[in-house]
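A.B. asks: Sharing a model that was predicted from the sequence below.
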Amino acid sequence: MSMQDTPTAQGLALRRAQYLQLEDKLGKLALLILFLWHFSQVSGALVRMIAEPQHGLMWWLGFVSTICSVGFVALIVFLTVTRTQPVDVEPGFEARFSAFMGTFVLLALIAIPPAGVVVLQALVAKVLIIIGTVSSIWCLWWLGRSFAVMAAARKLVIAGPYAWVRHPLYATESLIVIGCVLLNGTAPAFAIGALQFFFQYRRMVNEEKVLSRALEGYSDYMTRTPMVIPRLSGRIAD
């Protein structure tokens with residue numbers, strides 16, 4: 001590289017850093033609006049449940065799952081506000097579109113009237129939602145300020161649930177998706193669930209591209225840690 005090329009390279013690096021910072025701020029603002037709206041919805045549902053006169057088994061399961069959802073969304077809002085600046089972001093429209101759809105497409109179930117499901121199906125659905133939400137809170141706690149919706153690299157996290165699989169949050173969120181689809185019980189709901197799984201897979205692929213490129217040690221972590229299904233023999237020692 002010549003002396004004349006050095007300022008140009010430095011300038012490009014500076015402009016890219018400024019672009020990443022601006023994109024992160026705009027994305028954070030948009031996500032906060034969406035997540036705060038979602039928080040208002042689950043909080044309103046909790047208030048309406050408390051006002052209900054009958055408190056049977058299904059009510060209690062719904063009440064617990066709604067409390068868990070409030071905590072989950074509140075933690076997402078907090079981590080969105082406090083997250084660190086990204087080191088790198090996967091470029092392209094597809095990576096951003098897949099991340100957005102994988103995060104929010106399930107909200108389309110709000111517009112689909114539920115079918116009448118049998119009690120056992122509703123029971124299984126609500127238990128799955130509770131287990132999935134509590135597990136997702138646990139994963140988010142370990143992910144901490146590295147949390148992001150878009151495919152971005154911030155910090156290598158390999159402890160806690162991330163010592164077992166590379167994408168534990170997506171694995172636990174899949175339980176929530178299955179529970180919500182079962183609770184709705186309609187064909188469009190199953191189609192939305194399948195669509196959500198597709199976009200979540202694309203998110204994982206895009207995330208692994210940028211993490212492998214930007215974070216030292218991630219490629220080695222990939223070789224010894226499964227993507228979403230833990231090994232029956234447990235973790236591989238470092």
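C.D. replies: That came through, no problem.

A.B. asks: can we go C-alpha only for contacts and neighbour counts from here?
C.D. replies: Fine.

A.B. asks: From Val77, how far out is Trp37?
C.D. replies: Taking CA to CA, to the nearest Å as the measure, Trp37 and Val77 are separated by 11 Å.

A.B. asks: what about these two, which has more around it?
C.D. replies: Using other CA atoms under 10 Å as the criterion, Trp37 and Val77 rank with Val77 on top: 19 against 12.

A.B. asks: What lies in contact with stretch 33-45?
C.D. replies: Thr66, Ser69, Val70, Val73, Ala74, Ile76, Val77 (CA atoms under 8 Å, 6 or more residues apart in numbering).

A.B. asks: nope, stretch 167-185 is what I was after
C.D. replies: Under the contact criterion CA under 8 Å, 6+ apart, stretch 167-185 has outside partners 106, 109, 112-117, 121-122, 124-133, 135-136, 139-140, 161-162, 189-190, 193, 197, 200, 204, 227-229.

A.B. asks: In helices only, show me those.
C.D. replies: Using DSSP state H, 121-122, 124-133, 135-136, 139-140, 189-190, 193, 197, 200, 204 are the members of those that sit in helices.

A.B. asks: Just the buried residues out of the residues you listed, in PyMOL syntax.
C.D. replies: PyMOL command restricting the ones in helices among the contacts of stretch 167-185 to the buried ones, with burial defined by 16 or more other CA atoms under 10 Å:
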select buried, resi 122+125+126+127+128+129+130+131+132+133+135+136+139+140+189+190+193+197+200+204
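
A.B. asks: that older thread, same list, the contacts of stretch 33-45, but as TSV with distance to Ile50 please.
C.D. replies: Compiled in TSV, those are given as follows (distance: CA to CA, whole Å):
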residue	distance to Ile50
Thr66	11
Ser69	15
Val70	14
Val73	19
Ala74	19
Ile76	24
Val77	24
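
A.B. asks: and the two most separated of those residues?
C.D. replies: By the measure CA to CA, Thr66 and Val77 form the most distant pair in these, at 16.5 Å.

A.B. asks: Just the helices from the chain, written as ranges.
C.D. replies: Read by DSSP H, the chain holds these helices, from start to end of the chain: 5-50, 57-82, 93-104, 119-143, 168-184, 187-214, 218-224.

A.B. asks: Any idea which of those helices gets closest to Ala153?
C.D. replies: With CA to CA as the measure, helix 187-214 is the member of the helices of the chain nearest Ala153 (5.3 Å).

A.B. asks: list the helices and strands that closest one packs on?
C.D. replies: For helix 187-214, the helices and strands in contact under the criterion 3 or more CA pairs under 8 Å, 6 or more residues apart in numbering; DSSP states H and E are strand 88-89, helix 93-104, strand 152-153, helix 168-184, helix 218-224.
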